[in-house]
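**Student:** Quick one: sequence plus predicted model below, questions after.
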Amino acid sequence: MPLLLPLLVATGLFTAGLYGVLARRNAVLVLMGVELMLNAANLMLVAFGAWLADTLLAGQVLTLFVITVAAAEVGLGLAIVLMVYRQRRSIALDEMTDLHESRTAGLS
C-alpha cells in the first residue's frame, strides 16, 4: 500500500479538526475537532507502522495509547461542558470569561 494515500487522508482530517478548534465557538464542536486531530495522528501512526514493517508494532501500540487518552479526554471534557451548561444554560466559549483567575487574585 502506498504511504501517500493515508497521509493525505490524515492531513485532511487534521486540517478539519484544526479548523473546528480554531473557528468554532461551541465547546462540543471544539471537542469534536480535537478528536478529529487525534484520529488523524492515529491514522499516521498506523500508516507509518505498516510502511516501515515494524516488528515491535510501535505504531499500533501508540495508537491504542492515544485512543485511551482520547476516551478519557472525551469523558472529562463532556462532564465539564455539562456542568457549565447546567449553571449557564449556554456552552458558547465566548461567554465563559469568568472561569479563569484574575491577574491580581494572587498578588495580595
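**Tutor:** Received the coordinates, thanks. Numbers count the residues shown, from 1 in each chain.

**Student:** hang on, Ser90 in a strand?
**Tutor:** No - with DSSP: H, G, I helix; E, B strand; the rest coil as the criterion, Ser90 is located in coil rather than a strand.

**Student:** wait, Asn26 sits on Ile91?
**Tutor:** Yes - between Asn26 and Ile91 there is a contact under Cβ atoms under 8 Å: 6.0 Å. (Each C-beta comes from the backbone N, C-alpha and C, glycine too.)

**Student:** Tell me which of these two has more neighbours.
**Tutor:** Ile91 (18 against 14; other Cβ atoms under 10 Å).

**Student:** State the number of residues packed around Leu45.
**Tutor:** Leu45, neighbours per other Cβ under 10 Å, totals 20.

**Student:** Okay, and the closest residue to Pro6 other than its chain neighbours sits in which element?
**Tutor:** For Pro6, ignoring the flanking residues on the chain, the nearest one in space by Cβ to Cβ, 6 or more residues apart in numbering is Ala47 at 3.7 Å. According to DSSP states H and E, Ala47 maps onto helix 27-52.

**Student:** And that helix, what's buried?
**Tutor:** Of all the residues in helix 27-52, those buried under the rule 16 or more other Cβ atoms under 10 Å are 27, 30-49.

**Student:** which one is the residue nearest the centre of the chain nearest to, not counting chain neighbours?
**Tutor:** In the chain, the centroid-proximal residue (Cα atoms, centre = their mean) is Val34; its distance is 2.1 Å. Counting by Cβ to Cβ, 6+ apart, Val21 is the residue found nearest to Val34 once chain neighbours are left out, at 6.2 Å.

**Student:** Now do the same for the one you found: helix, strand or coil?
**Tutor:** helix.

**Student:** Tell me how many other residues crowd it.
**Tutor:** 16.

**Student:** wait, doesn't Trp51 sit right on Leu3?
**Tutor:** Yes - with contact defined as Cβ under 8 Å, Trp51 reaches Leu3; the gap is 4.8 Å.

**Student:** what residues are up against the residue nearest to Pro6?
**Tutor:** The neighbourhood of Ala47, defined by Cβ atoms under 8 Å, 6 or more residues apart in numbering, consists of 3, 6-7, 10, 59.
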